[in-house]
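In: Build me a model from this:
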Amino acid sequence: MPFNLTSPITGAAQTGLTSPTYTLTQDNPPAINAKQWVASAIGGTQSGVVAHSVAAPFTVSMFRPQNPQVLKPVNAVTGVLDRVPMNTYKVITRKGVLPLAGQAYRNMIITTMIEVPAGADTADPANVRAALSAHIGALSQQSSGIGDTVVQGVL
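Out: Predicted coordinates for the structure are as follows:
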């Protein structure tokens, strides 16, 4: 099944957030090759966290390649692929945050970019999926640690 968030989503563990949930509403994406949702409501205990607004956006978007690339035939003389193009996918989360109390919100942007060599989707889908599984699992497992590192500046 393609990328299609269902509402609500349960947030991963973070210091200071208790049972975080986010009610999503489908939104118009910024590009034709994307899907987008806004966090229209916040659940759990998340003191100070605000839902999506014009002033403080809270969106999750998924982009696929605008023009997916395919492999060209191998070199007739050498039998080697001369060029392997990349298909780039992105998941972008945008959240308005305050840089200083009393100031206007500024956008925090989190981007996961996935670059898949053309052809790997059919020649090696198991390893493509394994890489994604490990990446997303690591982010999920270390959500609180990543949050602590970003807030405290200590790795």
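In: Can you verify my assumption that M113 contacts N87?
Out: No: look at M113 against N87 with C-beta atoms under 8 Å: they stay out of range, at 11.2 Å. No exception for glycine: its C-beta is placed from N, CA and C like everyone else's.
In: between those two, who's got more neighbours?
Out: Each of M113 and N87 has its neighbours counted (other C-beta atoms under 10 Å); N87 has more, 18 against 10.
In: Need the three-state assignment for that one.
Out: strand (DSSP: H, G, I helix; E, B strand; the rest coil).
In: Which pLDDT value goes with it?
Out: On pLDDT, N87 comes in at 95.
In: Kindly report the same for M1.
Out: Residue-level pLDDT assigned to M1 equals 57.
In: Same question for the one 4 residues further on.
Out: Each residue has a pLDDT score; the one for L5 is 89.
In: and it, what element?
Out: Under DSSP states H and E, no helix or strand contains L5.
In: Return, as residue ranges, the portions of this structure with sub-threshold pLDDT.
Out: Scanning the chain for pLDDT under 70 picks out 1.
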